[in-house]
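> structure for this input, please:
(4 chains)
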4 protein chains.
Amino acid sequence: MTKNIAIIGASGYTGAELIRLIATHPDLEIAALAANSKAGQEMAQVFPHLRHLELPRLVTWEEIDFSGIDLCFCALPHKTSQEVISQLPGHLKIVDLSADFRLRDPAEYKRWYGNDHAAPELQKEAVYGLTEFYRREIAKARIVAGTGCNAATGQYVLRPLISASVIGLDDIILDLQCGVSGAGRSLKENLLHAELSESTNAYGVGGTHRHLGEFDQEFSQLAGREVRIQFTPHLAPMNRGILATAYLSGDPAAIHDALATAYADEPFLEVLPMGETPSTHHVRGSNFCHIGVVADRIPGRAIVVAALDNLTKGSSGQALQNANLMLDLPESTGLMLAPCFP
Amino acid sequence: MTKNIAIIGASGYTGAELIRLIATHPDLEIAALAANSKAGQEMAQVFPHLRHLELPRLVTWEEIDFSGIDLCFCALPHKTSQEVISQLPGHLKIVDLSADFRLRDPAEYKRWYGNDHAAPELQKEAVYGLTEFYRREIAKARIVAGTGCNAATGQYVLRPLISASVIGLDDIILDLQCGVSGAGRSLKENLLHAELSESTNAYGVGGTHRHLGEFDQEFSQLAGREVRIQFTPHLAPMNRGILATAYLSGDPAAIHDALATAYADEPFLEVLPMGETPSTHHVRGSNFCHIGVVADRIPGRAIVVAALDNLTKGSSGQALQNANLMLDLPESTGLMLAPCFP
Amino acid sequence: MTKNIAIIGASGYTGAELIRLIATHPDLEIAALAANSKAGQEMAQVFPHLRHLELPRLVTWEEIDFSGIDLCFCALPHKTSQEVISQLPGHLKIVDLSADFRLRDPAEYKRWYGNDHAAPELQKEAVYGLTEFYRREIAKARIVAGTGCNAATGQYVLRPLISASVIGLDDIILDLQCGVSGAGRSLKENLLHAELSESTNAYGVGGTHRHLGEFDQEFSQLAGREVRIQFTPHLAPMNRGILATAYLSGDPAAIHDALATAYADEPFLEVLPMGETPSTHHVRGSNFCHIGVVADRIPGRAIVVAALDNLTKGSSGQALQNANLMLDLPESTGLMLAPCFP
Amino acid sequence: MTKNIAIIGASGYTGAELIRLIATHPDLEIAALAANSKAGQEMAQVFPHLRHLELPRLVTWEEIDFSGIDLCFCALPHKTSQEVISQLPGHLKIVDLSADFRLRDPAEYKRWYGNDHAAPELQKEAVYGLTEFYRREIAKARIVAGTGCNAATGQYVLRPLISASVIGLDDIILDLQCGVSGAGRSLKENLLHAELSESTNAYGVGGTHRHLGEFDQEFSQLAGREVRIQFTPHLAPMNRGILATAYLSGDPAAIHDALATAYADEPFLEVLPMGETPSTHHVRGSNFCHIGVVADRIPGRAIVVAALDNLTKGSSGQALQNANLMLDLPESTGLMLAPCFP
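Have a look, this model is predicted:
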């Protein structure tokens, strides 16, 4: 039976990506699309690539009649998201793509994001949306908090290794490159083609990137002790894709085994044969994540490299995967699109 | 009921694109994949982005058992294609993506391609594969010849205008930009990233590009007189996409009407509101073609701009659309993927 | 003897390009840099690639002491430029890079730019800055109006052909692709990497692009009759470069001769051997313009393709070439940098 | 007095970059250009961007009359280089851009490159070409071995820190992204635009990249003990540029001090203010190297990021800087070109 969904924040890239995925989903119907700054416009004006679809005209979120909606995706900026969600009907299932419900501790939220949380009770209720590791909780949740795209990539590398106790916890380094769509459709000088093309640079250097809040929370809980990793993201001259390169102490074979075992039955996580590493182009536009392990020449040191698409597996694909679980649909419905290469 | 298909020439970009599309096609099963130069390899080695699919190992085309195959896609280079196809079982339905069966006149074939045709009887039997204009013939055909990607784009602009007699036939100019995947996965210096990035250049200038053979054949037949257009393709620094800009004499409103009327019921052709023009990014990875018409400041002159993805609507998407017809499946099955933007 | 120059509007791309070129110019000294919105900042903050140079801190243009300045470059937006220039000291030599002084007829200016001209007397005094064709006038001028970058490219193709009467004047078509830096450092959605990369689209279609005002003025004057060309620019997914493809009636050999003769002694204009065409990558970052001619298969039709760098020969390089003339320096001083390929 | 130089291996990117730089060098004259595979061709055919220069036609290196040559650049592949250089006149000054003379120990050479060295005596004589650290030796040398481009970048980060004893030597991690021109003008599938664009991937993972031979040699000598770093290069979707991100233990302020002190008088090395990091776009096409230091949130941990252009400071610019020293010319002659941004 078809489920009705709404998307609030449909004029950004993650909103558009949700619509792209849902366009071929057999069980979901887009009943309402909201984007307060562009209310009244047709989606074809905002995103001409969706022109072929019959989509509802954009409205403000306040105009949506939620009575017939089974699930609502919120693709709003953080802070706005918590304010809107706190006003939505209490029965409504919600997948939030913002940062607002990722951190369980309100003090940590304030430390990383600067403001007091406007909906601390909802924050308590929300389930962290890294599907493969919170599947059961997500299926029963009312509010699921989508993870950061960098945070997802890093956790796909590190969670099974922490759980299996095959790596040292005090010298974890995560170097990461992210495509520009990760920064959204915002008018910033450094996101212009003329500035970014032929360029790469680090940002959020020194442990200031907000996704570290998620790493701290999740890795520490998993390890049963405080874990603080070193993390440097880079902005890469491409539209989509994250490549994470982790430098780890541990036995490379044990590391490969831990990953291969953890993801053996996962539909979207592909562990490459020992010694091979992935490329972002090979997951582009898809919900897949490729992970490779290489032994370093220095004994007891390994490099793990993971690639995913920040807009799909890192954001909207993950959101849809979680929505499927929450709506009791097969988890991978609508998500088996092959990567769009070249 | 599932149909079994084979792909010969599976190690090139059009082969990979066929597999990407068929991956989510509910009624087709890939029974065999051939690539003589890479026989014995797994597809995941040749195209790591297809790693998640369970695909048959690559074989030589001679090794394929065609008894259970309903339809075979041939994605070989021209000349090789005719040699292989002439040796395939006579009952086998074939969609050829090469240039070998596009031109009905063997003399024209030789003029544009240099060699005598090795299978002139098959050439006679083959149906030209521009779906929207040869639908009925394609549905009954045994061999369908996929069009050139540039040739498809130009015809989507010009056929309805010639048919409706709304443009002058003696001063048609077609300027076109094509992404680099149109040149295939070949090791040529001008296709290197270091050469092509930050660069655009014309090629096949002066009426030497082979797709002119298709324009000559189709437009002349349609007009009932000889039509010779001027055509200049450019190589654009992008992977996918064709943008064709046509300079025409005629009444702009009549031109827009003729296109809107011709494509009113077509699932993949979108005529934009008068005055708007398309962008290749908005059809990327999809089977859609967007067409826009603008009146020039010079009375009686119009500009028509069309955008499609050379690998999808310009090649493998078209091939699948034709295969659906030949197999009596709904024409758009597996082809409604939304463009992958950004 | 070193000449002192000032640059007003130093925080845009054409301002930065002027500084890049002047950095190795032996006879010019940058005495003042103005950018009212960023006054007080160091250039290294605004353009980190100029960090190695000892440059004056940015000020407002009102703060500049023009008493010791020999020549001032104005790289302001149009309309602002005329307002500022009308307030500069009357003795000051000025090279304006905006559109404000390109059109000699105030009515034409208003038609294309929408506002009444604020300094019509200066407009009369200004010399059109297409160096190769206004060299003598530029050398004696006080105010030189830099041309549009597209306008320069089109004129390099067409002026010698109109002068030599070797082409028809009523069916000139100029199709053009321009890199994104031509649009400046402005925060517009369509200039974002995520929007432009993998994309090409036409803009200013139908005879609405303002550079047509320059074509109309210059070609009509040259021909001694009204000339109206058809012109469609495209935005190409690259940072620098313009490629213009002209479709012309005329004898291809005569066309090649006319161009080769006209540019035989020009230091920056390279006419390729008959049949060869240029690429933007091969002029990138330089003041050179490459032009090629090809005969079409249709008798009496030719294609001429020209490539230059919009920021250099199309704008700041031209400005410096003109400044050299105005300051009685050898015309090509500081401009012989080879293209930066790849 | 003008010096005559020759370039052997002029048909590759480093050869072309040498010519670009020498084009505006006041004291050098290109007397001969060799490229055995393209002997007989004009440079304008091989590199159309050099069309404006009057350059000698390409010959084989055996055809060059070295009697009037003051210095010869060798831009050949490794192994070929040693074979050719061993046959050149013994008096000739040589700057070699290949890997052949970088490693002083023949056993190390064989370990990293697989073959016995063909000219071990010359290997002994050669001086390692990292200008800032071997200036005096280079000025007196007959043969100078250009460094690897990645090796140069890493050493600019690490040498002053090892010398000043401000970092731990047992946990140095160097993560690096390199533009595609670093791989040369070779016809390899992974260097095609269609494969590389929108893609990033690690390569030479696990301590197998040959530039590690240089790191091992230089860092161990500098430290007076064996130093083995972890090093992962990535291929970035851009033409030029290297960004190195180093993860280090040590006091961030002391690290910044050591770099600022070491490079205080260097013309090409720019240490950014504490907390700022560089971008490759801001050194593109220039001989500059920008270095930034950031303190990590983890006490005693620092991140150092360096950017340079692999073809200029990483290769041909370095070669010219060394040639200037060897020819007793001011070291920075011809090398003060500002970066070509955007």
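> so which elements touch the least confident helix or strand in chain A by mean pLDDT?
The helix or strand of chain A with the lowest confidence, counting by mean pLDDT, DSSP states H and E, is helix A:120-125 at a mean of 93. Helix A:120-125 sits against helix A:80-85, helix A:106-113, with contacts defined as 3 or more C-beta pairs under 8 Å, 6 or more residues apart in numbering or on different chains; DSSP states H and E. All C-beta atoms are positioned from the backbone trio N, CA, C, and that covers glycine.
> check whether stretch A:17-26 contacts chain C.
No - applying C-beta under 8 Å from any C-beta of the partner chain, one finds stretch A:17-26 out of contact with chain C, separated by at least 11.7 Å.
> the residue in the stretch 51-200 of chain A that chain D sits nearest to and residue C:245, how far apart?
Nearest to chain D, among the residues of the stretch 51-200 of chain A, is residue A:199, at 3.4 Å (C-beta to the nearest C-beta). Distance, residue A:199 to residue C:245, using C-beta to C-beta, to the nearest Å: 29 Å.
> do residue A:24 as well
From residue A:24 over to residue C:245 (counting by C-beta to C-beta), the distance is 39 Å.
> between those two, which has more neighbouring residues?
Using other C-beta atoms under 10 Å in any protein chain shown, the more surrounded residue of residue A:24 and residue C:245 is residue C:245, with 24 against 17.
> which element is the more buried one on?
Element membership for residue C:245, per DSSP states H and E: strand C:242-249.
> just residue A:161 next, same as before
Assigned by DSSP H and E, residue A:161 falls in helix A:149-163.
> starting at the chain centroid, how far to that helix?
Its chain's C-alpha centre and that of helix A:149-163 lie 12 Å apart, by C-alpha atoms, centre = their mean, to the nearest Å.
> export that helix as CSV, just CAs?
What follows is helix A:149-163, C-alpha atoms only, in CSV (Å, rounded to 0.1, in the frame of the first residue of the first chain):
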residue,chain,number,x,y,z
CYS,A,149,27.9,12.7,5.7
ASN,A,150,31.5,12.7,6.9
ALA,A,151,30.4,11.2,10.2
ALA,A,152,28.7,8.3,8.3
THR,A,153,31.8,7.6,6.2
GLY,A,154,34.1,7.6,9.2
GLN,A,155,31.9,5.3,11.2
TYR,A,156,31.6,2.8,8.4
VAL,A,157,35.4,2.6,8.6
LEU,A,158,35.8,2.6,12.4
ARG,A,159,32.8,1.1,14.2
PRO,A,160,33.5,-2.5,13.3
LEU,A,161,37.2,-2.0,14.2
ILE,A,162,36.4,-0.5,17.6
SER,A,163,33.8,-3.2,18.3
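> what about the closest residue in space to residue A:75 that isn't next to it in sequence, how many neighbours?
Taking C-beta to C-beta, 6 or more residues apart in numbering or on different chains, and ignoring the residues beside it in sequence, residue A:75 has residue A:9 as its nearest neighbour in space, at 3.6 Å. Neighbour count of residue A:9, defined by other C-beta under 10 Å: 25.
> same deal with residue A:251?
Neighbours of residue A:251 (other C-beta under 10 Å): 16.
> that one contacts residue A:301, correct?
No - using C-beta atoms under 8 Å, residue A:251 is not in contact with residue A:301, being 9.8 Å away.
> how about the strands in chain A?
Taking DSSP state E as the criterion, chain A carries its strands at A:3-8, A:28-34, A:58-59, A:71-74, A:93-96, A:127-128, A:143-145, A:173-178, A:201-202, A:230-235, A:242-249, A:269-271, A:289-295, A:301-308.
> low-confidence stretches in the stretch 201-342 of chain A?
Along the stretch 201-342 of chain A, the model assigns pLDDT under 70 to no residue.
> what residues are up against residue A:115?
Residues near residue A:115 by C-beta atoms under 8 Å, 6 or more residues apart in numbering or on different chains: residue A:79.
> quick revisit: OK, contacts around the residue nearest to residue A:75?
When contacts are counted by C-beta under 8 Å, 6+ apart, residue A:9 touches A:15, A:34, A:35, A:73, A:74, A:75, A:76, A:77, A:81, A:97.
> domain ranges for chain A?
Per automatic domain parsing, the structural domains of chain A span A:3-147+A:313-326, A:150-310.
> between the two ends of the last one, what distance do you get?
This points to domain A:150-310. Here the two ends of domain A:150-310 are set 8 Å apart, with distance taken as C-alpha to C-alpha, to the nearest Å.
> show me what from chain A comes close to chain C.
Within chain A, the residues that sit near chain C (C-beta under 8 Å from any C-beta) are A:13, A:180-181, A:185, A:187-189, A:191-198, A:237-239.
> among the residues you listed, which are in helices?
A:13, A:193, A:194, A:195, A:196 (DSSP state H).
> in these, find the pair that's most separated.
Using C-beta to C-beta, the two most remote members of those are A:13 and A:194, lying 19.9 Å apart.
> residue A:309: neighbouring residues, count only.
29.
> how far away is it from residue B:21?
From residue A:309 over to residue B:21 the distance is 18 Å, taken as C-beta to C-beta.
> name the residues of the least confident helix or strand of chain A that are buried.
The neighbour-count check on helix A:120-125 (16 or more other C-beta atoms under 10 Å in any protein chain shown) flags A:122, A:123 as buried.
> show residues contacting it.
By C-beta under 8 Å, 6+ apart, the residues outside helix A:120-125 that reach it are A:82, A:85-86, A:100-101, A:103-104, A:106, A:109, A:117, A:141-143.
> make JSON lines out of those residues and add distance to residue D:289, pLDDT and neighbour count.
Shown next, in JSON lines, are these (distance: C-beta to C-beta, whole Å; pLDDT from 0 to 100; neighbours: other C-beta atoms under 10 Å in any protein chain shown):
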{"residue": "A:82", "distance to residue D:289": "45", "pLDDT": "96", "neighbour count": "25"}
{"residue": "A:85", "distance to residue D:289": "48", "pLDDT": "97", "neighbour count": "24"}
{"residue": "A:86", "distance to residue D:289": "51", "pLDDT": "96", "neighbour count": "14"}
{"residue": "A:100", "distance to residue D:289": "41", "pLDDT": "96", "neighbour count": "30"}
{"residue": "A:101", "distance to residue D:289": "44", "pLDDT": "97", "neighbour count": "28"}
{"residue": "A:103", "distance to residue D:289": "39", "pLDDT": "97", "neighbour count": "25"}
{"residue": "A:104", "distance to residue D:289": "44", "pLDDT": "95", "neighbour count": "16"}
{"residue": "A:106", "distance to residue D:289": "45", "pLDDT": "94", "neighbour count": "13"}
{"residue": "A:109", "distance to residue D:289": "40", "pLDDT": "96", "neighbour count": "23"}
{"residue": "A:117", "distance to residue D:289": "44", "pLDDT": "95", "neighbour count": "20"}
{"residue": "A:141", "distance to residue D:289": "51", "pLDDT": "98", "neighbour count": "21"}
{"residue": "A:142", "distance to residue D:289": "54", "pLDDT": "98", "neighbour count": "15"}
{"residue": "A:143", "distance to residue D:289": "49", "pLDDT": "98", "neighbour count": "23"}
